[in-house]
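Structure for the following, please:
(chains A, B, C and D)
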Number of protein chains: 2
Amino acid sequence: MGHGGVGRVRGGREGCGPVSKTPETSARYPIRVVSKLTGIGIDTLRAWERRYGAVTPVRDDRGRMYTDADISRLRLLRGAVEHGHSIGRLAGLTDTDLRRLGATADANTASAVASTQRTSLDTAALTAALQKYDATAIDQQISRFAAVLPPLELLRDVLMPVLAQVGDEWHRGATRIAHEHLMSSTLRNILGSFLRLYAPPDVSTRLLFATLAGERHEIGTLGAAMLAASSGLGVAYLGPDLPAGEIVESMEPAGARVLVLGLTTTSAGKTRERELRTIVRDLPKHVELWAGGRGAERHAALVSPRGLVLRDYSAYQRELARIGGRVASHP
Amino acid sequence: MGHGGVGRVRGGREGCGPVSKTPETSARYPIRVVSKLTGIGIDTLRAWERRYGAVTPVRDDRGRMYTDADISRLRLLRGAVEHGHSIGRLAGLTDTDLRRLGATADANTASAVASTQRTSLDTAALTAALQKYDATAIDQQISRFAAVLPPLELLRDVLMPVLAQVGDEWHRGATRIAHEHLMSSTLRNILGSFLRLYAPPDVSTRLLFATLAGERHEIGTLGAAMLAASSGLGVAYLGPDLPAGEIVESMEPAGARVLVLGLTTTSAGKTRERELRTIVRDLPKHVELWAGGRGAERHAALVSPRGLVLRDYSAYQRELARIGGRVASHP
DNA sequence: TTGTCCATGACAAGCCATTGACAACAATGG
DNA sequence: CCATTGTTGTCAATGGCTTGTCATGGACAA
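Now for the predicted structure:
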């Protein structure tokens, strides 16, 4: 075919024309990207639209364009389909129905994996990717949710369960340390990205996050920092494995108002306890102490007189709100 | 002909503006350099401009001259294109929209001002930020360079030196461990973001990155992983502190072609040596072994028979190119 | 002269949309 | 229990548009 349309394409400039089409209700994903993001094949996407009107992406002259809402819906649909429902029936339902359906289905199946199932995370694909050490695939699987879920849910219902599951499997001997490392590195990168994304520019540092010496698990703490940042609070994330003395000494110059400690080791080592005691004793009076994580309960007796123990994410978010955080809401 | 010479285009500017002596916003790059900096072919650059007006570099008598902002925009475009978006649609979007597309991608301001002097890092500002534990400010300072420099230079000329400096200061007692922790956490988040940003979606060639048991410094290795990803190679980053046996065992299921080991401890512990020996002995034959980092030289005798020691970043990049990496270095 | 830039034009791949078909499977009725 | 019918994912053929890359010829500067 000679003549390819090449040449023309509107005379080049058009820079003054109707350019700022930005608002657009944010229909920004072409079918290819949607397919990657949802894990649904391109053909299937088209079939679902043609036959059942499952979603109705906008069309511009180049093809379909999906919105965030479409993606979210497609994800729900896929989840339900994988639970055995038929797309023909599902297509007519509203998003809320779908969500409900997903929730009850979980209650129903009562399968052993209930914890990670909630939003139809594709655990199979995830495990497969993990087995093959395919970090990119893992990232993609998880990013699907990142595009749609608010930070809290992303952390609580996706990231942490995934990590916990890998941890369990490792204990059972089903996976290797290397898998666990790969998974935490990947999650840490994701969380780090979000922390940077949300970090508000001109806020005086208000919360400082760290983990005591000997404590190497940082994902939970990093996640907490990310949540705080997404609430518009100033965050300084110091990372794991930091001596108590160092932590205490940094509060003043950092101008921190709160110290958030991640305690995940459940076994109470002597060192841990001494460290914690140092914190409680030396932490400047005007600084609040919050302790969270799996191991926080255990040290409640030590922490409570001085600060508070965060028992779950709701408690954490309540505290964030109290000191001025505004909660991010759902799309 | 078209407009052949065009002539000098408002001759005022380019020399050295008599007006504001401030770090001009000019900083112009010819097309060849831009191609190297962004990894986009020259023809493609021209096509993107001609057909879609993706960027509109100024012309002087030498030809197109791109600004820092152009470069940063082109990088964003390239990223989105690689993730499945089509350039025809992307071209009309603003930089902010592009950034948003990556779901998490880049995070930073870099609005119009990205330039500043690209030569010297503002160490004063950086140290000040560090003293105040202001992670966001550190991130911003560094991100200015991230917008403009290609990955290699960013890593070699900015990130690693900064980290080294903090390390030195700590040895001299000028800063605390906490500072060092904050800095490495921040850098690690930046690197992690870039790793995710660059990670090519569907790639077979796979490099696996890790650090031996006892070795906790991961920044260099993470940086190396980021470089490989930015060259279009598949990357699995396992993180630091992993037993040799674990590393060896993961090569097969990962389908890895190369194992990149980060050796930073210069003191030769017995454990380290034994670990390394295990690697050399048990690593599958078809897997290459590359060792890099400050401590690599020291173990050259052990490594050389089996693999190669990466003495500097150029060597590293050469190897990346050999196994299929595309990209460029220095102008 | 040589090397770099420019503007055009030209293509081959590849992508997307549409339509129709087909195999695998489930549900239904006899 | 089997045959029929409906559902659903996937594939193929066709046509148009998109996009990376190559080739050509001209203009300069070193």
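
So in chain A, which helix runs the longest?
Ordering each helix of chain A by length in residues (DSSP state H) puts helix A:177-198 first.

And the next helix or strand past it?
Using DSSP states H and E, the helix or strand that follows helix A:177-198 towards the C-terminus is strand A:207-211.

quick one, the longest helix of chain A and strand A:207-211 angle?
Angle, helix A:177-198 to strand A:207-211, by axes from the mean of the first three to the mean of the last three Cα atoms, to 10 degrees: 170 degrees.

ok now helix A:177-198, how far from the chain's centre?
10 Å (Cα atoms, centre = their mean, to the nearest Å).

Tell me what angle that helix forms with strand B:206-211.
Between helix A:177-198 and strand B:206-211, the angle comes out at 90 degrees (the same axes, to 10 degrees).

Now do helix A:177-198, average pLDDT.
Helix A:177-198 comes out with an average pLDDT of 92.

Could you see whether chain B lies near that helix?
Yes. Judged by Cβ under 8 Å from any Cβ of the partner chain, helix A:177-198 comes into contact with chain B at A:177-179, A:181-182, A:184-186, A:188-190, A:192-197. All C-beta spots, glycine's among them, are computed from the backbone N, C-alpha and C.

Stretch A:223-233 too?
No. Stretch A:223-233 lies out of reach of chain B by Cβ under 8 Å from any Cβ, never closer than 8.8 Å.

Give me the residues contacting that stretch.
Contact with stretch A:223-233 is made by A:151-152, A:155, A:159-160, A:191, A:194-195, A:198-200, A:203, A:206-207, A:209, A:235, A:237, A:260, A:262, A:292, A:313, A:316-317, A:320-321, A:323-328, as judged by Cβ atoms under 8 Å, 6 or more residues apart in numbering or on different chains.

Alpha carbons only: can I get that stretch in CSV?
Output in CSV follows, covering the C-alpha atoms of stretch A:223-233 (Å, rounded to 0.1, in the frame of the first residue of the first chain):
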residue,chain,number,x,y,z
GLY,A,223,4.0,1.0,55.2
ALA,A,224,3.0,3.0,58.2
ALA,A,225,5.2,5.9,57.0
MET,A,226,3.6,5.7,53.6
LEU,A,227,0.2,5.9,55.2
ALA,A,228,1.1,8.9,57.2
ALA,A,229,2.5,10.6,54.2
SER,A,230,-0.6,9.9,52.2
SER,A,231,-2.5,11.6,55.0
GLY,A,232,-0.5,14.7,54.4
LEU,A,233,1.7,14.5,57.4
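
Pull the distance from that stretch to the chain's centre.
11 Å.

Show me what the helix or strand hosting A:Y66 is packed up against.
Using DSSP H and E, A:Y66 sits within strand A:63-67. Contacts defined by 3 or more Cβ pairs under 8 Å, 6 or more residues apart in numbering or on different chains; DSSP states H and E place strand A:63-67 against strand A:27-30, helix A:31-38, strand A:58-60.

And these: which comes nearest DNA strand C?
Nearest of those to DNA strand C, taken as Cβ to the nearest atom of the strand: helix A:31-38 at 3.5 Å.

low-confidence ranges in chain A?
Filtered on pLDDT under 70, chain A yields the residue ranges A:1-27, A:102-123, A:147-148, A:205, A:266-268, A:327-331.

Just the closest residue of it to DNA strand C, please.
Taking Cβ to the nearest atom of the strand, chain A has A:G63 as its residue nearest DNA strand C, at 2.8 Å.
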